[in-house]
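>>> Please find the sequence and the predicted model below.
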Amino acid sequence: MTDQPLNIAAEKTAHPADDLAVVPAIRKPAKAVRAMIDRYKWYEYTAIYAGMFVFLFFVLAPFIEGFMVSLKPLSALFSSPYSFWPKNGSLTAYFTMWQSVPGFWRYIVNSLFLSTTITIVVLIMVVPAAYAFARFPFKGRGIMLAAFLAVNMFSGAVLLIPLYRLMRSLGVLNTYFAMIVPGVAFLIPSAIWLLRTYMMRIPRELDEAAWVDGASRLYTLRRVILPIAMPGISVVAITTFIGAYAQQFIFALTFNSKTEFMPLPIGLFAYFGRQEVVWNELMAASFVGISPVLILIVFLQRYLVAGLTAGAVKT
Amino acid sequence: MTSTRNATLFALALLAPALLYIIGIVAYPLVDTINLSFTNAALKKTYEFVGWANYEKIFKNNFNEVIVRTFVWTFFSVSIKMVVGTFGAVLLNAAVPGRALFRILTMPPWVVPMAIGIFMWGWMYNGQFGMISGLLQNFGIVDGPIAWLAYGNTAFWATIVTDVWIGVPLVTIYLLAAMQSIPRDLYEAAWTDGAGRFYRFRRITFPMIIPALVTMSLLSLIATFNSFDIIWILTRGGPSGSTTTMIIDTYKTAIGSYKYGEGAARAVMICIFLSLFCLAYFRVVGKINTGEKA
């Protein structure tokens, strides 16, 4: 029973993300041909690495620049000509920012709290729903699945006015709720699709065996399916958490004006609007704020890829 | 299992929480938006039905211009994303040392809080001290500082570049996944027949990833059409409206000036376009799937 998840994961399916996502697919082609195809000439290597350098420079430029800025003293920052490398750079900004950005801790804690809560609420709703979609051929299943996917396509921005009125009438404006409630709604669809794909790979025989043994459906879900689906649920939890962490902006901007509830992006946004921006400290603060996810992707990128491509899963 | 009726009821019970939640937080507001778009709702408590007045009003104003601008902005952003993403995926697909590391390095724009990445772009676009203007001057490509966000034209392109930056990881990783699911036998057979690397790309890789390219273009189109954070943080729709897309325009009207009714009419227009894209997406995905089964 314990090695069950691995077996399931290793099953090949048609989804392109699976190759990256779960367990490397094992193929045994003619080794010699394969090795020769993958042999590059020196100029091909040069071209690939040069192209890679350009591509990654574009992707990473803001982070590189942001990091350089965080090391520069303010006087060097506001001087021309421009110099990329920090002259007499130091980590001072990383220490002084705690005074200059009051409540910085609070913003980070808020961000983590919001993401965690959203993730938990999403999981509570998505696990049973994904199981229903994966196992029961009820009427209108296809349409309902498509409807869930369609939710992803209407961003929160379109629904802001009624949502604002809804939050106001519920009396939750300027509370954590105002950011959690809409945040959850827009993370449910991808989570359902991702988890459904995973659950579909759990052999049906397991449900049937439990049924024959007289287990109720709910018991089967709780005691048979859930433990086996745990790896899949973790993937969904991780991608939902990162999604919730990355997308904290519009709801927090519109539905909350209290400093003590602000998540990190909004907290910092207030400073970016000011005339006297202490850029080096703000860049330092940004780096501290994004470091948790930067560390996460190193370890979890394999799972992230699964989540990244989940929205486009085939039926 | 035994009784299908019971099974259906059980399935619906499992679905109920998520379904009710979506109905409450997405479907009901959607209906409410349509409803509000026919009223003169504003800050005051009461409002009345005004028929098509809001729609007439927005089209008499500059709304056509905003629609065209949104489409141009979206078109360039999506096209550039697809080109850069394909470029990145081809490079990441090459079996060279370091590819695993390169793949990880592609992801930060997608996983870090979007707003924070945009703050960093905001600094890079700074004319006096930012990286882009600074490096261009250091290399002698331009003479004086260029404040990218201060002029309509450059701000328009600057916001597109930042939007491309945010979208590229998703496109790249998705296309990479599609490339890696192409059976290797095809390449081996072509190689045995003496096909070169570029020929193999043109005749095997590219045709095989077309379904993924189309799917991703449509998904990207929908996401880009909805893009809010980038423009709001960098320019707030300015200077003088040059980056005001439909979403920004709706936000300004509804949340900025508290004209809920008029804002709702603008939001409904966005929904109409989005529904069309959405239909196109489902049709294409349906076609791709049936095509593969046949």
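Thanks, I have it. Numbering: from 1, shown residues only, chains lettered A, B, ... in the order given.

>>> what's the pLDDT at the residue in the stretch 201-315 of chain A that chain B sits nearest to?
Per CB to the nearest CB, residue A:265 is where the stretch 201-315 of chain A lies closest to chain B, at 3.4 Å. Using the backbone N, CA and C atoms, a C-beta is placed for each residue, glycine as well. At residue A:265, the model reports a pLDDT of 85.

>>> Show me the shaky parts of the chain.
Reading this off chain A. Within chain A, the ranges that satisfy pLDDT under 70 run A:1-36, A:79-81, A:273-276, A:302-315.

>>> nope, chain B
Within chain B, the stretches with pLDDT under 70 are B:1-4, B:291-294.

>>> before we move on, the earlier item: find the residue closest to the residue of the stretch 201-315 of chain A closest to chain B in space, skipping its chain neighbours.
In space, residue A:265 comes closest to residue B:115 once its chain neighbours are excluded; the distance is 3.4 Å by CB to CB, 6 or more residues apart in numbering or on different chains.

>>> circling back to that earlier point, can you count the residues close to the residue of the stretch 201-315 of chain A closest to chain B?
Residue A:265 has 30 neighbouring residues, counting by other CB atoms under 10 Å in any protein chain shown.

>>> Would you enumerate the residues in contact with the residue of the stretch 1-150 of chain A found nearest chain B?
Relative to chain B, the nearest point of the stretch 1-150 of chain A is residue A:82 (2.5 Å; CB to the nearest CB). Under the criterion of CB atoms under 8 Å, 6 or more residues apart in numbering or on different chains, the neighbours of residue A:82 are B:129-131, B:133-135, B:137-138.

>>> my guess is residue A:262 contacts residue A:107, does it?
Yes: assessed by CB atoms under 8 Å, residue A:262 is found in contact with residue A:107 at 5.8 Å.

>>> thought residue A:174 was touching residue A:260?
No: contact criterion CB under 8 Å: residue A:174 and residue A:260 do not qualify, at 9.8 Å.

>>> Quick check: the residue of the stretch 1-150 of chain A closest to chain B vs residue B:146, distance?
Distance of residue A:82 to residue B:146, computed by CB to CB, to the nearest Å: 12 Å.

>>> next one: residue B:277
Residue B:277 is 34 Å from residue B:146, where distance means CB to CB.

>>> Counting neighbours, go ahead and name the busier of these two.
The neighbour count for residue B:277 versus residue B:146, taken as other CB under 10 Å, is higher for residue B:146 (20 against 16).

>>> Which helix or which strand is home to the more buried one?
Using DSSP states H and E, residue B:146 sits within no helix or strand.

>>> re the thing from before, now render the contacts of residue A:82 as CSV, adding secondary structure.
Below are the contacts of residue A:82 laid out as CSV (DSSP: H, G, I helix; E, B strand; the rest coil):
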residue, secondary structure
B:129, coil
B:130, coil
B:131, helix
B:133, helix
B:134, helix
B:135, helix
B:137, helix
B:138, helix
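
>>> if we can go back for a sec, where do the contact lists of residue A:82 and residue B:146 overlap?
Both residue A:82 and residue B:146 are contacted by residue B:133, under the criterion CB under 8 Å, 6+ apart.

>>> The contacts of residue A:82: which ones sit near chain A?
Contacts with chain A within these, as defined by CB under 8 Å from any CB of the partner chain: B:129-131, B:133-135, B:137-138.

>>> filter the residues you listed to the buried ones?
Applying a neighbour-count criterion of 16 or more other CB atoms under 10 Å in any protein chain shown, the buried members of the ones next to chain A among the contacts of residue A:82 are B:129-131, B:133-135, B:137.

>>> For chain A, state which of those residues is nearest.
residue B:134 (2.5 Å).

>>> For that closest one, which non-adjacent residue is closest in space?
In this structure, residue B:134 finds its nearest non-sequential neighbour in residue A:82, 2.5 Å apart by CB to CB, 6+ apart.

>>> did I read that right, that neighbour in a helix?
No: Residue A:82: not assigned to a helix; according to three-state DSSP it is coil.

>>> Residue B:277 versus residue B:156, what's the distance?
Note on residue B:156: its distance to residue B:277, by CB to CB, is 22 Å.

>>> Next: residue B:71.
Applying CB to CB, the value for residue B:71 to residue B:277 is 11 Å.

>>> and if you look at residue B:268?
Applying CB to CB, the value for residue B:268 to residue B:277 is 15 Å.

>>> Same question for residue B:225.
Taken as CB to CB, the span from residue B:225 to residue B:277 is 7 Å.

>>> Residue A:174 and residue A:260: who's more crowded?
Higher neighbour count among residue A:174 and residue A:260: residue A:174, with 16 against 11, using other CB under 10 Å.

>>> so where do the helices sit in the stretch 1-150 of chain B?
For the stretch 1-150 of chain B, applying DSSP state H, counting those that start in this stretch gives helices covering B:4-22, B:28-36, B:53-60, B:63-93, B:99-106, B:108-111, B:114-124, B:131-138.

>>> Deepest-packed of the ones you listed, please.
Mean neighbours per residue, mean count of other CB atoms under 10 Å in any protein chain shown, is largest over those for helix B:114-124, with a mean of 25.

>>> Just list what it packs against, helices and strands only.
Helices and strands touching helix B:114-124, by 3 or more CB pairs under 8 Å, 6 or more residues apart in numbering or on different chains; DSSP states H and E, are helix A:42-71, helix A:264-272, helix A:279-308, helix B:131-138, helix B:152-180, helix B:229-234.

>>> Swap in 7 Å and give it another go.
helix A:42-71, helix A:264-272, helix A:279-308, helix B:152-180, helix B:229-234 (3 or more CB pairs under 7 Å, 6 or more residues apart in numbering or on different chains; DSSP states H and E).

>>> Out of those, the one nearest residue B:240 is which?
helix B:152-180 (6.3 Å; CB to CB).

>>> In the closest one, which residues are buried?
Within helix B:152-180, the residues scored as buried using 16+ other CB under 10 Å are B:154-156, B:158-180.
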